[in-house]
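Participant: Curious how this folds, go ahead:
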Amino acid sequence: MNIRHHFALGVAWSAFGAAVRNISAFVVFIAIARLLSPAEIGLVAFAMVFIDVSRVALVNGIPDALVQRPEWDQSVATSAFWMVMVISIGLAVALGGVVAPIAYKIYDETFALVLASLSLLLLIEGLSAIHVAELRRTFQFDVLAKRGMILGIGGGIGGVMLAWYGWGVWALVISRIAALLGTSVLLWVRSGFRPGFSFAAADVRPMRGYSVRLGGSALLGVTNSQLPSFAIGLFVGPAALGIFKVASNALYTLISVVFWPVQNVAMSAFSRLRDDPQQFQSAYIDMVRVYALLSCPIFIGAAAIAPDFVVLAFGEKWSEAGIIMSLLALAVGAQVLVYINGPALAATGRTDLNLKQSALDLLSTVATLAVTVPAGLLGIAFGQSVRAYAMIPITQRLVRIGTGIAVSDAFRAVAPALAGAAVMGAAVSVLRVYPLADMHLVVRVALCVAAGVPIYLAAMLILFRSYTMGVWREAERVMPAKFRRFVPGGRRSSR
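Facilitator: Next comes the predicted model:
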């Protein structure tokens with residue numbers, strides 16, 4: 001089996017596993033949200049902020065350095081395993097033995113107990129981090145995909161059952177720990193790696209520089225994404241964080257389906273064109289146009305129907321999350337660029353610019369939160385969307401340095417699709433509030449979605465026809481020949 005087949009199969013399993021895991025996790029989250037209160041979900045979400053930031057040191061850095069090595073060496077892997085275990089024990093002790101007791105005295109007793117319990121996740125993650133690296137290296141993505149699905153579905157079902165029987169926050173804590181422990185056992189069984197009882201500093205020293213740079217960039221990214229949750233949990237309260245979590249989880253599921261696949265493909269595509277600047281820049285603009293045309297209506301449409309969707313899916317008690325979801329979804333225009341810029345810069349070898357972008361994003365998030373936290377949950381959500389657009393000129397200048405793509409070209413690639421989606425979103429909002437206001441939620445949501453598609457297509461063909469047809473021609477050009485005859489003009493273009 002050649003490397004191309006391995007790569008294609010790996011991407012397919014990764015995409016399938018991610019889709020099943022995230023969609024099933026969202027369905028489970030809906031069930032749990034109907035059983036628990038905003039404060040209960042918020043307490044666990046606040047604790048997971050500390051866990052998610054800490055685990056970067058385990059899953060990024062040393063494991064990735066092992067995957068990147070030309071050959072797999074059992075001795076080096078064993079030394080890396082014990083190094084990761086030392087880090088995981090240190091992190092677990094720091095959170096469970098230092099941060100949790102402090103939180104017990106000055107914040108909330110239940111939160112402290114939840115954080116101390118969830119710190120066990122870091123120990124479990126450390127036990128299997130090198131096994132994950134070995135499976136990635138040998139292209140056993142099917143095992144990793146199945147692991148993710150078991151973690152999402154199995155843990156979710158367990159959490160729903162415990163919540164049903166009144167376990168409250170502990171339903172989420174116990175189900176997370178049990179699911180990760182079970183999948184770690186699966187990894188040990190399926191992986192060919194078995195650590196010995198030796199450690200040599202010389203084995204891990206060469207990986208230090210690579211792992212620190214990669215881990216540092218990942219840490220900045222995760223910290224930036226978790227800062228709003230941290231600020232809400234600390235200054236606004238667990239109940240508000242629970243509402244924010246419901247709103248952001250719905251968008252997270254959309255992002256995993258819409259944006260993550262492009263990252264899997266973009267890195268490979270850009271890497272092959274790195275020595276041809278003109279082709280590279282053309283591919284970048286084409287990719288931005290295609291994903292803007294597809295993703296902008298999805299997220300702007302989600303913003304328009306979010307108040308109804310949240311009540312329909314989660315229940316009336318979560319109604320406040322609807323407007324939060326709407327505000328967060330409005331950042332889609334900036335997100336299109338963010339999710340393509342990363343692979344583009346990495347493909348050119350300018351990881352230093354990626355690191356700078358992560359640092360600038362972190363600083364801008366801190367500054368935005370400092371201004372918006374006093375305004376509460378609505379202010380924070382609105383501020384994050386405004387921040388995303390305000391950062392475009394800065395981040396695109398970094399992209400220009402690394403790739404030569406002008407800031408204005410990137411903006412013109414996104415703007416028409418975003419404007420057309422805005423027209424559609426405004427029209428759907430008017431329909432939802434006025435003619436359809438008295439209809440049942442299910443009917444209203446279904447009619448809004450059905451109306452949004454033709455409204456968006458009409459807006460794009462009337463207002464931005466050349467842009468839309470240009471994207472269509474590009475899509476048709478790369479479409480497999482056997483499918484071209486089924487689309488308008490397909491026979492003509494396939495000659």
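Participant: contacting residues for Arg432?
Facilitator: Going by CB atoms under 8 Å, 6 or more residues apart in numbering, Arg432 touches 304-305, 308, 444, 448. Using the backbone N, CA and C atoms, a C-beta is placed for each residue, glycine as well.
Participant: can you redo the residues you listed as TSV with distance to Arg397 and neighbour count?
Facilitator: Shown next, in TSV, are the contacts of Arg432 (distance: CB to CB, whole Å; neighbours: other CB atoms under 10 Å):
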residue	distance to Arg397	neighbour count
Ala304	32	27
Ile305	35	26
Asp308	40	19
Arg444	43	20
Cys448	38	21
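Participant: Make JSON lines from those residues and add distance to Tyr107 to it.
Facilitator: Shown next, in JSON lines, are these (distance: CB to CB, whole Å):
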{"residue": "Ala304", "distance to Tyr107": "37"}
{"residue": "Ile305", "distance to Tyr107": "36"}
{"residue": "Asp308", "distance to Tyr107": "35"}
{"residue": "Arg444", "distance to Tyr107": "41"}
{"residue": "Cys448", "distance to Tyr107": "41"}
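Participant: Let me know the closest of those to Ser184.
Facilitator: The closest of those to Ser184 turns out to be Ile305 (CB to CB; 39.3 Å).
Participant: follow-up on the earlier one: what's the closest of the contacts of Arg432 to Ser326?
Facilitator: Ala304 (7.4 Å).
Participant: My guess is that closest one contacts Val423. True?
Facilitator: No: with contact defined as CB atoms under 8 Å, Ala304 does not count as touching Val423 (11.2 Å).
Participant: pLDDT value on Val76, please?
Facilitator: pLDDT, Val76: 81.
Participant: still on that earlier bit, farthest-separated two in the contacts of Arg432?
Facilitator: Farthest apart among the contacts of Arg432 by CB to CB are Ala304 and Arg444. That separation is 11.4 Å.
Participant: Ile243 and Gly192, how far apart?
Facilitator: 45 Å (CB to CB, to the nearest Å).
Participant: And the next helix or strand past the longest helix seen in the chain?
Facilitator: Longest helix of the chain, by residue count under DSSP state H: helix 277-314. Using DSSP states H and E, the next helix or strand after helix 277-314 towards the C-terminus is helix 320-329.
Participant: Dump that following helix to PDB, keeping only the CA atoms.
Facilitator: Output of helix 320-329 as PDB, limited to C-alpha atoms (Å, rounded to 0.1, in the frame of the first residue of the first chain):
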ATOM      1  CA  GLU A 320     -30.700  33.400  26.300                       C
ATOM      2  CA  ALA A 321     -28.200  31.300  24.400                       C
ATOM      3  CA  GLY A 322     -30.000  32.000  21.200                       C
ATOM      4  CA  ILE A 323     -28.900  35.600  20.900                       C
ATOM      5  CA  ILE A 324     -25.300  34.600  22.000                       C
ATOM      6  CA  MET A 325     -25.200  32.100  19.200                       C
ATOM      7  CA  SER A 326     -26.300  34.700  16.800                       C
ATOM      8  CA  LEU A 327     -23.600  37.200  17.800                       C
ATOM      9  CA  LEU A 328     -20.900  34.600  17.700                       C
ATOM     10  CA  ALA A 329     -21.900  33.200  14.300                       C
END
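Participant: Please state the offset of the helix or strand harbouring Ala346 from the chain centre?
Facilitator: Taking DSSP H and E as the criterion, the element that holds Ala346 is helix 332-347. A distance of 13 Å separates the centroid of the chain from that of helix 332-347, by CA atoms, centre = their mean, to the nearest Å.
Participant: and if you look at stretch 348-364?
Facilitator: Between the centre of stretch 348-364 and the centre of its chain there are 17 Å (CA atoms, centre = their mean).
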